[in-house]
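Chemist: Next input, structure requested:
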Amino acid sequence: MNATDYIRILPELVLTVFGMIVMLIEPLLPEHNDRKGLGMLALVGSLLAIAATFYQAGYPGQAWFGMVQVDSFSVFFHLIVGFVAATVILASFEYLAVQGIRLGEYYGLILLGAVGMMLMSSAVELVLIFIALEISSISTYILAGFRRRAAISAESSLKYFLLGSFATAFFLYGVALMFGATGSTSIYPIAASLRTGAPALAYAGMALMFIGLGFKVASAPFHVWTPDVYEGAPAPVVALMSTAPKAAAFAVLLRILFAAAAPGWFWIVWCSAALSMTLGNIGALVQTNVKRMLAYSSIAHAGYLLCAFAAAKDIGISAAIFYAAAYAVMNAGAFIVIAHFASHNERYVLIDDYAGLGRRAPGLAAVLTVFLLSLIGIPITGGFFAKFYVFSAALKSDLVGLTIIGVVNSAIAAYYYLRVIVVMYMREPKEDTPIMPMPVALGVSLTAAVVVTIYLGVLPGRVLNYALQGARDLVK
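Modeler: Residues are numbered from 1 along each chain as shown. The predicted structure follows:
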């Protein structure tokens, strides 16, 4: 081992060290301490991990016996995970205080979960991908049940754990079958083996791995856990688990489908994309709870992203990468607003609770409006260019039917997003719904999310070019 090997996992090392420090300090603090100091330590760790990612980009190549690869593709997803982790930590200062949660391991679990998410995006060995997936998953299982006094939160954690473990078993069995078919668990030897012909075991392995990853990204028909888990989990945790782990799982899926040249994936992806868009949007139409509405919305967005997968060209892969970044920022921002507005015990999470918010808290309403318009795909937001590139890639690949399904579903989605905006600006205020002043940390978090969302909608070229380079690095 040499220094370069350690540089190529430097962000993961930084997060691991800070996560362990948080865990070691937490038991030494007085019981009634608010743990905000641990939050600041975790924030420093996440920011240093982002800085380490930029430094790491100067050392492309493989490390650790070919199990890890640093390239534009992995660096891009490292930045997504680091940004989401930092914004969620900032937003959690106020949330934990309001909910009366004085458990510093919350911040340690975010950092250690981010280690798994980052490692997923750079791992090129299936067993290492599985280990990284479990590091990420175990942290989010625990975080989902962090409102320990709320039965719905415990239910959320239990459902997520049981179904997640079941899905992980599918993925691991798929890895075993792929090893049986090719004699390797490393991405590039698998690709070389499959170029000479794919045995039946390889098709079965591909299908089983897609089932496991389909659960992690909440694509249909593996989406049934999503609404209940999102509803019960703490809102900042949902901001994390609906974005960063999904982005990392999509990174793994891209590597398996394209870098490993896995066989027989096209119609699986096509059908999952169509089902995800349709079932997600139809489910969101009838929701009265904002968290459940955005849960079904996340299923639909997984479908939009899978449209780019089906395109199966450089432009399709780059569109998928760009979409993952845009969605991570705007969805995390929306859930951070929900976390602030929900108040103690998350009492105010119904759409009707937002009545008149535009008059009572115009700044908060404006920020949420930006995120909702981006989720719709309105121009000058990142969501617009994300959908534009995805549907363009699908059309250029002659996927006319899938594109039509996507466009129709986008029109359906506009209804339930706009319904929230209408309630905020065109209904009489509910004076019995308290609105707390926005703390500085939360303001910084939301400002960063809004700025990135608008930047991706106004000046997307630089990010898209980097995504295109990441796509080329993936399939070279």
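
Chemist: From here on, just use CA atoms for contacts and neighbour counts.
Modeler: OK.

Chemist: correct me, but residue 427 touches residue 351?
Modeler: No - counting by C-alpha atoms under 8 Å, residue 427 sits too far from residue 351 to count as a contact (11.3 Å).

Chemist: And the helices in the stretch 151-300 of the chain, which stretches?
Modeler: 151-182, 187-194, 200-217, 226-232, 235-241, 244-254, 266-285, 290-311 (DSSP state H, counting those that start in this stretch).

Chemist: if I pick the nearest residue to residue 81 once chain neighbours are set aside, what's in contact with it?
Modeler: Nearest in space to residue 81, with sequence neighbours left out and distances taken as C-alpha to C-alpha, 6 or more residues apart in numbering, is residue 244 at 5.1 Å. When contacts are counted by C-alpha atoms under 8 Å, 6 or more residues apart in numbering, residue 244 touches 80, 81, 84, 85, 114, 117, 328.

Chemist: Out of the residues you listed, name the ones that lie in helices.
Modeler: Within the contacts of residue 244, residues falling in helices by DSSP state H are 80, 81, 84, 85, 114, 117, 328.

Chemist: Near the second one, how many residues? Count them for me, please.
Modeler: The number of residues packed around residue 81, counting by other C-alpha atoms under 10 Å, is 28.

Chemist: now swap in the last one and tell me
Modeler: Using other C-alpha under 10 Å, residue 328 has 26 other residues around it.

Chemist: from memory it sits against residue 85, does it?
Modeler: No - the criterion here is C-alpha under 8 Å, and residue 328 misses it with residue 85 at 10.7 Å.

Chemist: Show the contacting residues for residue 189.
Modeler: Residue 189 neighbours (C-alpha under 8 Å, 6+ apart): none.

Chemist: same question, residue 476
Modeler: residue 259.

Chemist: ok, and the nearest residue to residue 105 once chain neighbours are set aside, which helix or strand is that part of?
Modeler: Spatial nearest neighbour of residue 105, chain neighbours left out: residue 23 (5.8 Å); criterion: C-alpha to C-alpha, 6+ apart. Following DSSP states H and E, one finds residue 23 within helix 10-25.

Chemist: could you give the angle of the helix or strand following that helix to helix 10-25?
Modeler: Using DSSP H and E, the helix or strand that follows helix 10-25 in sequence is helix 36-56. Per axes from the mean of the first three to the mean of the last three C-alpha atoms, to 10 degrees, the angle that helix 36-56 makes with helix 10-25 is 160 degrees.

Chemist: Give me the average confidence score over helix 36-56.
Modeler: Mean pLDDT, computed over helix 36-56, is 95.

Chemist: pull the CA atoms of it into CSV?
Modeler: The C-alpha coordinates for helix 36-56 follow below in CSV (Å, rounded to 0.1, in the frame of the first residue of the first chain):
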residue,chain,number,x,y,z
LYS,A,36,-25.0,21.1,19.2
GLY,A,37,-21.2,21.0,19.6
LEU,A,38,-21.2,17.5,18.2
GLY,A,39,-23.3,18.8,15.3
MET,A,40,-20.7,21.4,14.6
LEU,A,41,-18.0,18.8,14.7
ALA,A,42,-19.9,16.6,12.3
LEU,A,43,-20.4,19.6,10.0
VAL,A,44,-16.7,20.3,9.9
GLY,A,45,-16.2,16.6,9.1
SER,A,46,-18.6,16.7,6.2
LEU,A,47,-17.0,20.0,4.8
LEU,A,48,-13.5,18.5,5.1
ALA,A,49,-14.8,15.4,3.2
ILE,A,50,-16.0,17.7,0.4
ALA,A,51,-12.5,19.4,0.4
ALA,A,52,-10.9,15.9,0.4
THR,A,53,-13.0,14.9,-2.6
PHE,A,54,-11.7,17.9,-4.6
TYR,A,55,-8.1,16.9,-3.6
GLN,A,56,-8.8,13.3,-4.5
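
Chemist: Packing partners of it?
Modeler: helix 10-25, helix 72-99, helix 105-122 (3 or more C-alpha pairs under 8 Å, 6 or more residues apart in numbering; DSSP states H and E).

Chemist: switch to 10 Å and redo it
Modeler: For helix 36-56, the elements it packs on are helix 3-7, helix 10-25, helix 72-99, helix 105-122, judged by 3 or more C-alpha pairs under 10 Å, 6 or more residues apart in numbering; DSSP states H and E.

Chemist: So for it, what gets flagged as buried?
Modeler: Buried residues in helix 36-56, defined by neighbour count with 16 or more other C-alpha atoms under 10 Å: 36, 38-39, 41-43, 45-50, 52-54, 56.

Chemist: picking up where we left off before, need the ones in helices among the contacts of residue 244 in CSV (columns: pLDDT).
Modeler: Shown next, in CSV, are the ones in helices among the contacts of residue 244 (pLDDT from 0 to 100):
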residue, pLDDT
80, 96
81, 97
84, 96
85, 96
114, 97
117, 96
328, 96
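
Chemist: Flag every buried residue along stretch 164-178.
Modeler: In stretch 164-178, counting by 16+ other C-alpha under 10 Å, buried: 164-165, 167-178.

Chemist: likewise stretch 362-377?
Modeler: Buried-residue list, stretch 362-377, by 16+ other C-alpha under 10 Å: 364-377.

Chemist: Stretch 90-102 now?
Modeler: 90, 91, 92, 93, 94, 95, 96, 98, 101, 102.

Chemist: what's the answer for stretch 302-309, then?
Modeler: Buried residues in stretch 302-309 (16+ other C-alpha under 10 Å): 302, 303, 304, 305, 306, 307, 308, 309.
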